[in-house]
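pasting the sequence and the predicted model now:
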Amino acid sequence: MAEIIAGIAAITFIGTTFVVLGYAALTRGREVSRMEFEPVVLEFKPRQRRSLNSVRR
């Protein structure tokens, strides 16, 4: 009798775990689809070269 109760409890625990994980994945998918991505423009600015006189000092 105890084995049957333990088996039912294990199956219930595993089932609820999968339900919770599925709900979390579904919620995460909805959040990702709502996010709006903004384009980012990166500008490259080259360094100014120092004159040779300032390097020798």
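Yep, it's here.

and stretch 28-40, how far apart are its ends?
24 Å (Cα to Cα, to the nearest Å).

so for it, what gets flagged as buried?
Within stretch 28-40, no residue counts as buried by 16 or more other Cβ atoms under 10 Å. Just so you know, the C-beta spots here come from the backbone N, C-alpha and C atoms, and that holds for glycine as well.

now it: average pLDDT?
For stretch 28-40, the mean per-residue pLDDT is 75.

for this structure, longest helix please?
If you go by DSSP state H, the chain has its longest helix at helix 2-34.

quick one: low-confidence parts of this structure?
35, 51-57 (pLDDT under 70).

if we go to 90?
26-57 (pLDDT under 90).

and residue 45, which of the three is it?
Under DSSP: H, G, I helix; E, B strand; the rest coil, residue 45 falls in the coil class.

three-state assignment of residue 40?
Under the three-state scheme (three-state DSSP), residue 40 adopts coil.

which phi and psi does it have?
phi -120, psi 130 (degrees, to the nearest 10).

same deal with the one 5 residues further on?
Geometry field for residue 45 lists phi and psi as phi -120, psi 110, criterion degrees, to the nearest 10.

give me the number of neighbouring residues for it.
5 (other Cβ atoms under 10 Å).
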